[in-house]
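# Task: produce atomic coordinates for the following.
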Amino acid sequence: EVIQNGLFYKINKTNHTATLMLWRTNHDVEIPKSIKHENEEYMIDKIIGSNASYSSCSNYDIRSITFANDSLISEIGEKAFAGFRNLTKITIPPHVKSIGSYAFYNCSNLEVVEFPDNSELQTIGSYVFSNSKIKSIKIPLLLSVINSSTFYQCTNLENVEIPNNCELRRIEQNAFDETKIEKITIPPSLTDISSSSFIKAKKLVSFEISPENKRFKYIDDSLLLYKKYEGNANYDIIVWARKNIENAVIPSYIKEIATNAFYGCDKLNKVQFPENSELQTIGSSSFAYSSIASISIPQHVKEIGSSAFDHCQNLVTCTFHENSELASIGYYSFQCSKINEISIPKHLKNISYEAFYNCSDLVKVVFHKDSELQSIGSYAFKYSKIKEFSIPKQVKIIEEYAFDYCQNLETVTVPLDSKLQIIKQYSFQYTKIKNIAIPQNVEEIDNYAFHNCSNLESIEFSDNGKLKRIGFGAFGNTNIQEFPIPASFSSITYGCFQNA
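Numbers count the residues shown, from 1 in each chain. As a prediction, this is how the structure comes out:
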């Protein structure tokens, strides 16, 4: 290691190169083309970060970093300049081909980043300029990917210049999240934009798409469409919607509403689908935190992704086509919405984790008479106000906390030929169930399953039941006075009737 002017270098005597690796100066810095050591010249080709570099207070006073005009630096490593909070401007040398993740992270006063017209930059890591004060940026011609969160929380960033002749192929998730950009230009080379790229860029209102780009289309001055394969006849995916959209009319040929497409659209009142809609997928968080009040899910939708309608606090009504093909509802899908009634389609196999968690206005859940439902997930209906619930015949497991704190729930009915096998822990805790009939295929009632059901007075078992185990506290703090022990029973856990 060599120290010169407060800068630490590691030299490679074989290649005659030097790597700048540590800063011990609080002065403005000029990084030379080379350094001399023991009468030998070493070309500086890399700048790498270190924990010391990121945490040292000495570098916080550095306001200016410049490079020799003929600099040969080809790589700026991870965290190389992270935390240089007084740095206001930097010009990246022309031969830099890669900038590592977090390289300028938390440079909280960095306003100007410049790339020369002959920049050779090809790759840039995650969070590179995150939490800086950059106001404008021009994307270098050879850069192929704007990585995840590259400009995340650049809250002053208003202008992004993407040259039409650049080689940019992809913009990844959260790349421009929480910026002030108003327009994005899509060049011919761009083939992939993550639907989360602009999730909280609330001022973004338009896309200027090159006529040579055949993958993207902007319609109704509000929806960015995408086709996965250039040969497809239609632009069949909605990638993004402008945040101030009020009425979304979904074209019939749309097959997917991508992740986060309408996220945070707090002016959205209505979403309309034509009768011949080809929609198959509603992606994760696609309408989360929007102001949508009602929605009718088209017939061919097979999947509703996780958090799709999470925290839609105006959403009162969600209906499904009578011949709905829905097979999957993801976790958190309707969490904290205002739905008051839901009819579960026939082909739905699973109600996932927290699907209707804290739906405090939900009073009624109806299943198709030939429901194919097989499981009710953990916390699925916790804190809802359902009064009665009929477990579909095909359900095999009720997961933990599924109906916990459903304090209006008085009646739970299970068909005699139910396939239910397991009732997991805390699943009906703090409900007002008065009696329960345990179907014959149930083998286990887990710990605290009916704990604190203070109105529970009676339990019935099938004569040919298969129950083998009742867990600790399963019927604790209930009002049960008699308990018929099934013939199949092999184990009562200590404390299963605690305070009953």
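# you'd agree residue 429 is up against residue 401?
Yes - using CB atoms under 8 Å, residue 429 is in contact with residue 401, at 7.3 Å. All C-beta spots, glycine's among them, are computed from the backbone N, C-alpha and C.
# partner residues bridging residue 113?
Counting by DSSP bridges, residue 113 forms beta bridges with residue 90.
# Tell me who's in contact with it.
89-92, 104, 129, 132, 134, 137 (CB atoms under 8 Å, 6 or more residues apart in numbering).
# In the protein, what residue spans correspond to helices?
51-55 (DSSP state H).
# pLDDT weak spots in it?
24-26, 50-60, 490-491 (pLDDT under 70).
# Going by neighbour count, which of the contacts of residue 113 comes out on top?
In terms of neighbours by other CB atoms under 10 Å, the contacts of residue 113 top out with residue 132 at 27 neighbours.
# so what's that one up against?
Residue 132 neighbours (CB under 8 Å, 6+ apart): 104, 106-111, 113, 154.
# again with residue 442
420-423, 465-467.
# Give me the buried subset of these.
Listed as buried from these are 420, 422-423, 465-467; burial here means 16 or more other CB atoms under 10 Å.
# can those residues go into a markdown table with extra columns for distance to residue 236?
Listed next are the buried ones among the contacts of residue 442 as a markdown table, based on distance: CB to CB, whole Å:
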| residue | distance to residue 236 |
| --- | --- |
| 420 | 40 |
| 422 | 41 |
| 423 | 43 |
| 465 | 51 |
| 466 | 49 |
| 467 | 51 |
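# Can you tell me which of the residues you listed end up in strands?
Counting by DSSP state E, the part of the buried ones among the contacts of residue 442 found in strands is 422-423.
# Residue 68 contacts residue 33, correct?
Yes - counting by CB under 8 Å, residue 33 is a contact partner of residue 68 at 4.1 Å.
# any shared contact partners between these two?
By CB under 8 Å, 6+ apart, no residue touches both residue 68 and residue 33.
# what residues are up against the residue nearest to residue 413 when sequence neighbours are not counted?
In this structure, residue 413 finds its nearest non-sequential neighbour in residue 390, 4.8 Å apart by CB to CB, 6 or more residues apart in numbering. Residue 390 makes contact with 367, 412-414, according to CB under 8 Å, 6+ apart.
# The same query, at a cut-off of 10 Å, please.
Residues near residue 390 by CB atoms under 10 Å, 6 or more residues apart in numbering: 365-367, 371, 411-415.
# Next: residue 391.
Per CB under 10 Å, 6+ apart, neighbours of residue 391: 367, 371, 373, 376, 398, 412-415, 418-420, 423, 439.
# Any idea what the closest residue to residue 218 other than its chain neighbours is bridged to?
The spatial neighbour of residue 218 that comes closest, neighbours along the chain excluded (CB to CB, 6+ apart), is residue 207 at 4.6 Å. Under DSSP bridges, the beta-bridge partners of residue 207 are residue 184.
# do residue 218 as well
Note on residue 218: beta-bridge partners by DSSP bridges are residue 224.
# Nearest to residue 12 among the contacts of residue 391?
Among the contacts of residue 391, residue 376 lies closest to residue 12 (CB to CB), at 62.1 Å.
# Okay, that closest one and residue 305: tell me how far apart.
19 Å (CB to CB, to the nearest Å).
# Please apply the same query to residue 84.
In terms of CB to CB, residue 84 sits 40 Å off from residue 305.
# same check, this time on residue 141
Counting by CB to CB, the gap from residue 141 to residue 305 is 36 Å.
# So for those two, which sits in the more crowded spot?
residue 305 (24 against 16).
# With adjacent residues omitted, what lies nearest to that one?
What sits nearest to residue 305 in space, not counting adjacent residues and going by CB to CB, 6+ apart, is residue 284, at 3.6 Å.
# Check residue 245 too.
Spatial nearest neighbour of residue 245, excluding adjacent residues (CB to CB, 6+ apart): residue 222 at 4.9 Å.
# show me where the stretch 201-350 of the chain has strands.
Here the stretch 201-350 of the chain has its strands, by DSSP state E, counting those that start in this stretch, at 206-209, 216-219, 223-226, 237-241, 247-249, 256-257, 270-272, 281-282, 294-297, 303-304, 317-320, 328-329, 341-344, 350-351.
# so how far is the first residue of stretch 209-223 from its last?
The first and last residues of stretch 209-223 sit 13 Å apart, counting by CA to CA, to the nearest Å.
# related to what we said a few turns ago, OK, contacts around the residue nearest to residue 305?
With CB under 10 Å, 6+ apart, residue 284 has these contacts: 195-196, 258-260, 263, 303-308, 310, 330-333.
# again with residue 78
Each residue near residue 78 by CB under 10 Å, 6+ apart is listed here: 48-50, 54, 99-103, 105, 125-128.
# hmm, which two among the contacts of residue 113 are most spread apart?
91 and 132 (14.9 Å).
# Extract the CA atoms of stretch 240-249 and return them as CSV.
Extracted in CSV, the C-alpha atoms of stretch 240-249 (Å, rounded to 0.1, in the frame of the first residue of the first chain):
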residue,chain,number,x,y,z
TRP,A,240,-48.0,2.0,-15.6
ALA,A,241,-50.8,4.4,-15.0
ARG,A,242,-50.4,8.1,-14.4
LYS,A,243,-51.0,8.8,-10.7
ASN,A,244,-53.8,11.4,-11.2
ILE,A,245,-55.9,9.1,-13.4
GLU,A,246,-59.6,9.2,-12.4
ASN,A,247,-61.2,6.7,-14.8
ALA,A,248,-59.4,3.7,-16.3
VAL,A,249,-60.9,2.0,-19.3
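# From what I see, the residue nearest to residue 218 and residue 183 are in contact.
Yes - shown here, residue 207 and residue 183 form a contact pair, counting by CB atoms under 10 Å, at 7.2 Å.
# which one of these two has more residues nearby?
residue 207 (20 against 13).
# Identify the residues contacting residue 333.
Listed by CB under 10 Å, 6+ apart, the contact set of residue 333 reads 282, 284-285, 288, 304-310, 318, 351-357.
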